[in-house]
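K.L.:
Let's see this in three dimensions:
(one chain, ligands or ions: 1)
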Amino acid sequence: MSDLLFATNNSHKLREIQEIIGNEFRILSLKDVKLDIDIPETQETIEGNAVQKVRFVYELTGLNCFADDTGLEIDALNGRPGVYSARYAGEGCSFDDNINKILRELTGVENRKACFRCAICLITDGEEHIFQGRVNGVITTERKGTDGFGYDPVFLPDGHRQTFAMMPAYLKNGISHRGRAVEKMVKWLTC
Ligand code: ITT
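P.N.:
Just a heads-up that it's a prediction; the model follows:
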């Protein structure tokens, strides 16, 4: 089994990717390699941030590793929060604060189309590779469900009757932006 270090401080993402990746790879966390660091993400695009995060950790460790940057893009908000999804309601804000802000901004708005986009940048043996995943859906008018994290309680993926926060993990992972990007990464690693 090969080890891959996941350059994230988001424990929810870590758990999802450990569930998605299967048995062929062991996902190491920053904690596993005794790194307690803030990872910079100051780029204008999710791809740019994924590259910046993974390079930062690769330079510190020299280990094969990857980073995930994800954004929720809402049509009626011109693609916001996008690259600012983590801190949309301000530095140090909570998932709840972010959801409150988008629900407030979408009050009375009919077009509730949105998508999650995920970019994963992987560095193996010094070479970089990018994998992307996307899922389309709509923003509900209120929170539904208690599982998942982030914007999951208000994201209803197209073709489904449950928000991501109402779905068991395997169902979310089977159709999600992250699930799709990871699937491409695993395919590339194993072919
Ligand atoms: P790292 O950079 O340490 O990986 P982060 O939380 O800063 O963690 P991102 O910038 O990629 O990660 O994510 C931006 C935010 O988007 C994240 O904090 C969540 O609020 C939200 N988000 C990401 N993936 C999500 C998902 O699968 N479901 C719901 N919300 C998600």
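
K.L.:
Residue 125 - how many residues pack around it?
P.N.:
5 (other Cβ atoms under 10 Å). (Glycine included, C-beta is placed from N, CA and C.)

K.L.:
correction: residue 104
P.N.:
9.

K.L.:
and the most centrally placed residue in the chain, which of the three is it?
P.N.:
For the chain, residue 70 is the residue whose C-alpha lies nearest the centre (Cα atoms, centre = their mean; 3.9 Å). Classification of residue 70 by DSSP: H, G, I helix; E, B strand; the rest coil places it in strand.

K.L.:
name the element the nearest residue to it once chain neighbours are set aside belongs to?
P.N.:
In this structure, residue 70 finds its nearest non-sequential neighbour in residue 118, 4.6 Å apart by Cβ to Cβ, 6 or more residues apart in numbering. Using DSSP states H and E, residue 118 sits within strand 113-124.

K.L.:
Who are the packing partners of that strand?
P.N.:
Judged by 3 or more Cβ pairs under 8 Å, 6 or more residues apart in numbering; DSSP states H and E, strand 113-124 is in contact with helix 46-61, strand 65-74, strand 127-139, helix 177-190.

K.L.:
What are the contacting residues of the first one?
P.N.:
With Cβ atoms under 8 Å, 6 or more residues apart in numbering as the contact definition, helix 46-61 has outside contacts at 5, 7-8, 30, 33, 35, 37, 39-43, 65-71, 82-83, 117-123, 128, 130, 132.

K.L.:
Pull out the buried residues from the residues you listed.
P.N.:
5, 7-8, 30, 39, 41, 65-71, 82-83, 117-123, 130 (16 or more other Cβ atoms under 10 Å).

K.L.:
show me which of those residues neighbour the ligand.
P.N.:
8, 39, 41, 68, 69, 70 (Cβ under 6 Å from any ligand atom).

K.L.:
Give the bridge partners for residue 115, please.
P.N.:
residue 73, residue 136 (DSSP bridges).
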